[in-house]
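K.L.:
I'd like to go over a predicted model; first the sequence, then the structure.
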Number of protein chains: 2
Amino acid sequence: MSYQAPLKEMQFVMNELAGLAAVSQLPGCEDATPETAEAVLEENAKFVSGVVAPLNHSGDKEPSYWHDGQVTTAKGFKEAFRQFVEAGWQGLQHPQEFGGQGLPKLVGTPCVEMLHGANLSFALVALLTDGAIEALLTAGSDEQKATFLEPLITGKWTGTMNLTEPQAGSDLAAVRTRAVPQGDGTYKIFGTKIFITYGEHDMAENIIHLVLARTPDAPPGVKGISLFIVPKYMVNKDGSLGERNDAHCVSIEHKLGIKASPTAVLQFGDNGGAIGTLVGEENRGLEYMFIMMNAARFGVGMQGVGVAERAYQQAVAFAKDRVQSKDLAGSESGVAIINHPDVRRMLMSMRSQTEAARALAYVAAGIHDVAHHHADADVRKQNQAVYEFLVPIVKGWSTEMSENVTRDGVQVHGGMGFIEETGAAQHYRDSKILTIYEGTTAIQANDLIGRKTVRDGGAVAKGLIAEARATAAALGDGADFAAIRKHLEQGANDLEAVVDFVVNNTRSDIKAVFSGSVLYLKLAGIVLGGWQMARAAIIAQQKLDAGDGDAGFYKAKIVTSRFFAEHILSGSTGMRAAIVEGSAGVLGLPVDQF
Amino acid sequence: MSYQAPLKEMQFVMNELAGLAAVSQLPGCEDATPETAEAVLEENAKFVSGVVAPLNHSGDKEPSYWHDGQVTTAKGFKEAFRQFVEAGWQGLQHPQEFGGQGLPKLVGTPCVEMLHGANLSFALVALLTDGAIEALLTAGSDEQKATFLEPLITGKWTGTMNLTEPQAGSDLAAVRTRAVPQGDGTYKIFGTKIFITYGEHDMAENIIHLVLARTPDAPPGVKGISLFIVPKYMVNKDGSLGERNDAHCVSIEHKLGIKASPTAVLQFGDNGGAIGTLVGEENRGLEYMFIMMNAARFGVGMQGVGVAERAYQQAVAFAKDRVQSKDLAGSESGVAIINHPDVRRMLMSMRSQTEAARALAYVAAGIHDVAHHHADADVRKQNQAVYEFLVPIVKGWSTEMSENVTRDGVQVHGGMGFIEETGAAQHYRDSKILTIYEGTTAIQANDLIGRKTVRDGGAVAKGLIAEARATAAALGDGADFAAIRKHLEQGANDLEAVVDFVVNNTRSDIKAVFSGSVLYLKLAGIVLGGWQMARAAIIAQQKLDAGDGDAGFYKAKIVTSRFFAEHILSGSTGMRAAIVEGSAGVLGLPVDQF
């Protein structure tokens, strides 16, 4: 049940597909050379495999627990987090002026993937802290930045996102938590927040809660939500800790998975009011929260890739070890089950989907870096639009994919997969949260349709489709490439038809379009993921032709790309039919017939 | 978290699709009139909803446990089983001469579905006992029948299937358990069996283990396996219990799901040898075990339908109750989430797949009854071949389907779905065993290809495809029927192409064919399930035209059939491509590249 970061694969994707060399020439990214990146990834791989991964199964067996308002995290977590922050990993992508290392997202992303692959429950504390940092960087006052950023970036303190309330899940308009101004620049916060990841724990001195709440005169709905900083311990001017704030953990949840990660119910203001300070302006809380969420959503996408990779590695190890039945083509005695075609099919499905999702995410990270660092404002803007288009796909598709992959991981193990000691079932249970939190797949799909497709008339989507077609046209000869081309061209056609359907019908028949929203997101995922796999195959062939590097790796990349085309991308036409023609079946039943 | 048997739907399928009226005219089935069947189903529904369903969640929270060789089953199970057997439910389908009620499989099947829908863990004891009864009926001696059948059929004792050993899972050729003849007609059994469902428990006086083992001179492989009866307590001539046999439960497993069902490790012969008697002839054990397994496989298929139905009911209840966000088409305030298109899509997907799998299974049960009771031997033989073709599909497809459905059940609940108290996650965990035990989906697919498709040159498969085409041709006018026809015709074409591929290539390129084995099984499932849904739509329209019965129910059936066609059956072409063209991608990677 170990985890080894797939470094060769990560470096291939980072360098060859996502263009690290170009990113490292952007202003402010000069330190991020491929050599530096390689060293960073290797160091991080050593740390997560050695320190974090071994705590994954034990944390599931003996989760974090609550007693009398305190949460004791799973065995080893506190010490591992100390090592994590001391080595500077929390600050990898954050600004140097606040104690970070300022590396581009493209270099940070493989490290994030590794951390999640090693231990989803552990990595969540870093993911949420990253989100809090992003929000403060964007909307915090100078004083707030000076007070909170360095302790967060150096991992002395951790951060949380407090959005959900019992009546307000996907629907943040229903948030009721109140923020009452005290006339001294502070607010008193009253309310209950649920599902707060690492809302209470013992791994850091202080916890900085970012809380959505309403001021007394706020307009109703999402336009009346403000964002507040509510620290667990008040912070003195000199940065030392002051009084305990009136924000308390009253319980943690008993969950299907990620059991070592405490999911808190937080009660604000039961003893007079929790003291908070406003972030940015009143009533703009949702806008700031989206900054946090977009960072976190990309991170959750990497959780999907990470847990899929881990499940794949475990399934491969089992399939190579477990001897059962003779070879179908004939053998003297039993063979390892990796030789049985259906086991092989499941492993290839796991592998190819994980690789495709990874490739798409890293490419998005590279685009993010161009959007943030390029000298030309138009190039930045253009890339930002593409990045924002890709975020809901990276989040939604990678996590949906991880459910399938972890499921196959259990299946490869047969009966042993159902036994908790084996560990395969944990990945299956853990991954189920990924399509739910930070916005369910349907919420991602709403974003993809509304803000990312309809608003620009499908321009960004069509630009990507055109690039996919160009890749299809550039594929070489031979059966492998013919198969990839066939399905990539068909996929591009199907996706284009769907984008047209979405753009042309959202205003006139919104329910018909949203009946296929999640299918549109998944279709975009497989077509764009398939495009990256096709790009990878072309590059692999070039390397093979040049006799450059590890021939086995490059040949495997071509086979994996072909598998993806024939087994995953081949579903595009059916999905198109379901989206474009399928709304009557979705909507036709009256509620009382359910 | 309650369960209500979908009686109206069950009766529609049983009467209109599976032809109960015709079955009740078969010799020996005269008692099974539609009226009797209705009364039986209603009585059973009352029992399972009132007594068995309420134990589902509590049994998951506080599972059965082992102490010092004894297993204490989950709270309430013992008393519920007493009521179950006292009411005669264990004997529903078994011969009257041994204390059963002798009802046809078509009437028994809805009862089996209900029991599983109410509580998978509880129902397993009945499923395994059914299997033991089938094996004894077929291969037991008169003395064995006289001794064991009545106590099993009346539920005084329960039965188990002992196949698996640590090194022998899917590969029964690797069974090592030894059976040494004692010269007095008995054998001493030595060995370890694992994954024995209800291998030890406190719900019945005695447990009758059916055990696969090898006699000293047995040939190697599956041709040297014999089947033995090894009771927990020896049985005296007068039927009273004798000495404790040397078969002991040394532990039970800690599992992902079905936690209330004890999964035992049984140790035979550690104290001198467990005493067993041979069933039938030596070395024909696998053949007899297949009788048991075929009954059990159909039963596991019904577990898939049952748990899917339960997950659907729970998701619908939540979606009608949970208010979140305004209606997409505009509303003053928040609406129940069942009004949101993607929630509706998930519910329709759950509903339509459950209905299709149920329909196919009940139709198979009706065919089984014709195969067993028809006066004409040719008709019996023909129907038996069709039934045997359908068993791996009912088992494999219904259970794979149930994973998707229970997954959507969690997803509909959003964050609440991830919290164990909600209960949706239990169905997701429970269902994961169904694609594994009694032969994984790959094992079902091997059976479908080898014994059921290649052996008769695809004759049975093509016969069913022809019937599906006839149904497509009989679909009436209008958008709903046009959509159903389009996808059913395409599905039939795709399935036919795949059957041809399988028949024509299995001997020449077995690995290429088996690379798509599970996909072939799933394709057969959606096409044959879609065919049943199309039949249901035609009948529903006839009822509507005649003004006969519940119009809402029949309209819903047509919409659900259309959904199935456009959202599930529409995947057939992609699957065909993956099967017929996709083996190079499955097999192309050398083992050392994984």
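P.N.:
That came in fine, so what should we check first? Numbers count the residues shown, from 1 in each chain, chains lettered A, B, ... in the order given.
K.L.:
ok, now how distant is the closest residue to residue A:348 other than its chain neighbours from residue A:554?
P.N.:
Spatial nearest neighbour of residue A:348, chain neighbours left out: residue A:563 (4.6 Å); criterion: Cβ to Cβ, 6 or more residues apart in numbering or on different chains. (C-beta placed from N, C-alpha, C; glycine too.) Separation of residue A:563 from residue A:554 (Cβ to Cβ, to the nearest Å): 15 Å.
K.L.:
give me the more crowded residue out of these two.
P.N.:
Each of residue A:563 and residue A:554 has its neighbours counted (other Cβ atoms under 10 Å in any protein chain shown); residue A:563 has more, 33 against 20.
K.L.:
my guess is that one contacts residue B:581. True?
P.N.:
No - counting by Cβ atoms under 8 Å, residue B:581 is not a contact partner of residue A:563; they are 11.2 Å apart.
K.L.:
tell me where chain A has strands.
P.N.:
Along chain A, counting by DSSP state E, strands occupy A:65-67, A:70-72, A:157-162, A:178-181, A:186-197, A:206-213, A:226-231, A:233-235, A:241-244, A:247-252, A:263-268, A:274-279, A:323-326, A:334-336.
K.L.:
my read is that residue A:522 contacts residue A:403, right?
P.N.:
No - using Cβ under 8 Å, residue A:522 makes no contact with residue A:403, being 11.7 Å away.
K.L.:
quick one: stretch A:331-347 near chain B?
P.N.:
Yes - counting by Cβ under 8 Å from any Cβ of the partner chain, chain B is contacted by stretch A:331-347 at A:334, A:336, A:338-345, A:347.
K.L.:
if I pick residue A:87, what's in contact with it?
P.N.:
Residue A:87 makes contacts with A:43, A:47, as judged by Cβ atoms under 8 Å, 6 or more residues apart in numbering or on different chains.
K.L.:
quick check: phi and psi on it?
P.N.:
Per-residue torsions, residue A:87: phi -80, psi -10 (degrees, to the nearest 10).
K.L.:
next one: phi and psi at the residue located most distally from the centre of chain A?
P.N.:
Ranked by distance from the centre of chain A (Cα atoms, centre = their mean), the top residue is residue A:332, with 46.4 Å. Backbone geometry at residue A:332, expressed as degrees, to the nearest 10, gives phi -60, psi -50.
K.L.:
list the contacts for it?
P.N.:
When contacts are counted by Cβ under 8 Å, 6+ apart, residue A:332 touches residue A:326.
K.L.:
same check on residue A:410?
P.N.:
Taking Cβ under 8 Å, 6+ apart as the criterion, residue A:410 is in contact with A:417-418, A:424-425, A:427-428, B:256, B:432.
K.L.:
close enough to count as contact, residue A:301 and residue A:365?
P.N.:
No - counting by Cβ under 8 Å, residue A:365 is not a contact partner of residue A:301; they are 10.2 Å apart.
K.L.:
more neighbours: which of the two?
P.N.:
residue A:301 (34 against 28).
K.L.:
so what's the more buried one closest to, chain neighbours aside?
P.N.:
Nearest residue to residue A:301 in three dimensions, chain neighbours excluded: residue A:394, at 3.7 Å (Cβ to Cβ, 6+ apart).
K.L.:
just residue A:236 next, same as before
P.N.:
residue A:242 (4.9 Å).
K.L.:
repeat that for residue A:316.
P.N.:
Per Cβ to Cβ, 6+ apart, closest to residue A:316 is residue B:594, 4.7 Å.
K.L.:
what about the one you found, neighbour count?
P.N.:
Residue B:594 has 18 nearby residues by other Cβ under 10 Å.
K.L.:
okay, it: pLDDT?
P.N.:
Residue B:594 is assigned a pLDDT of 97 by the prediction.
K.L.:
for the nearest residue to residue A:357 once chain neighbours are set aside, give its distance to chain B.
P.N.:
Take residue A:357 and drop its neighbours on the chain: the residue closest to it by Cβ to Cβ, 6+ apart is residue A:398, 4.2 Å away. The spacing between residue A:398 and chain B, counted by Cβ to the nearest Cβ, to the nearest Å, is 16 Å.
K.L.:
please apply the same query to residue A:507.
P.N.:
Taken as Cβ to the nearest Cβ, the span from residue A:507 to chain B is 12 Å.
K.L.:
and for residue A:205?
P.N.:
29 Å.
K.L.:
with residue A:171 instead?
P.N.:
Counting by Cβ to the nearest Cβ - residue A:171 and chain B are separated by 4 Å.
K.L.:
list the contacts for that residue?
P.N.:
Residue A:171 makes contact with B:324-325, B:334, according to Cβ under 8 Å, 6+ apart.
K.L.:
try it again with 10 Å
P.N.:
A:164-165, A:221-222, A:443, B:322-326, B:334, B:337 (Cβ atoms under 10 Å, 6 or more residues apart in numbering or on different chains).
K.L.:
just the buried residues of these.
P.N.:
Buried subset of those (neighbour count, 16 or more other Cβ atoms under 10 Å in any protein chain shown): A:164-165, A:222, A:443, B:322, B:324-326, B:334, B:337.
K.L.:
including distance to residue A:531 and pLDDT, could those residues go into CSV?
P.N.:
Below are the buried ones among the contacts of residue A:171 laid out as CSV (distance: Cβ to Cβ, whole Å; pLDDT from 0 to 100):
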residue, distance to residue A:531, pLDDT
A:164, 35, 96
A:165, 40, 97
A:222, 35, 93
A:443, 25, 97
B:322, 38, 98
B:324, 35, 96
B:325, 33, 96
B:326, 36, 96
B:334, 39, 95
B:337, 34, 98
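K.L.:
from the residues you listed, which is closest to residue B:206?
P.N.:
Using Cβ to Cβ, residue B:322 comes nearest to residue B:206 of the buried ones among the contacts of residue A:171, at 47.9 Å.
K.L.:
setting aside sequence neighbours, what's the nearest residue to the closest one?
P.N.:
Residue nearest to residue B:322 in three dimensions, not counting chain neighbours: residue B:337, with 5.0 Å by Cβ to Cβ, 6+ apart.
K.L.:
shouldn't the one you found be in contact with residue B:317?
P.N.:
No - Residue B:337 is beyond contact range of residue B:317, at 11.6 Å (criterion: Cβ atoms under 10 Å).
K.L.:
before we move on, the earlier item: contact partners for the residue nearest to residue A:316?
P.N.:
Residue B:594 neighbours (Cβ under 10 Å, 6+ apart): A:312-313, A:315-317, A:319-320, A:338, A:344, A:347-348, A:351, A:556.
K.L.:
turn these into JSON lines, columns for pLDDT and neighbour count.
P.N.:
Converted to JSON lines, those look like this (pLDDT from 0 to 100; neighbours: other Cβ atoms under 10 Å in any protein chain shown):
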{"residue": "A:312", "pLDDT": "98", "neighbour count": "28"}
{"residue": "A:313", "pLDDT": "98", "neighbour count": "22"}
{"residue": "A:315", "pLDDT": "98", "neighbour count": "28"}
{"residue": "A:316", "pLDDT": "98", "neighbour count": "19"}
{"residue": "A:317", "pLDDT": "98", "neighbour count": "14"}
{"residue": "A:319", "pLDDT": "98", "neighbour count": "22"}
{"residue": "A:320", "pLDDT": "98", "neighbour count": "16"}
{"residue": "A:338", "pLDDT": "98", "neighbour count": "20"}
{"residue": "A:344", "pLDDT": "98", "neighbour count": "26"}
{"residue": "A:347", "pLDDT": "98", "neighbour count": "24"}
{"residue": "A:348", "pLDDT": "98", "neighbour count": "26"}
{"residue": "A:351", "pLDDT": "98", "neighbour count": "26"}
{"residue": "A:556", "pLDDT": "98", "neighbour count": "21"}
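K.L.:
that's all I had, so thanks and see you.
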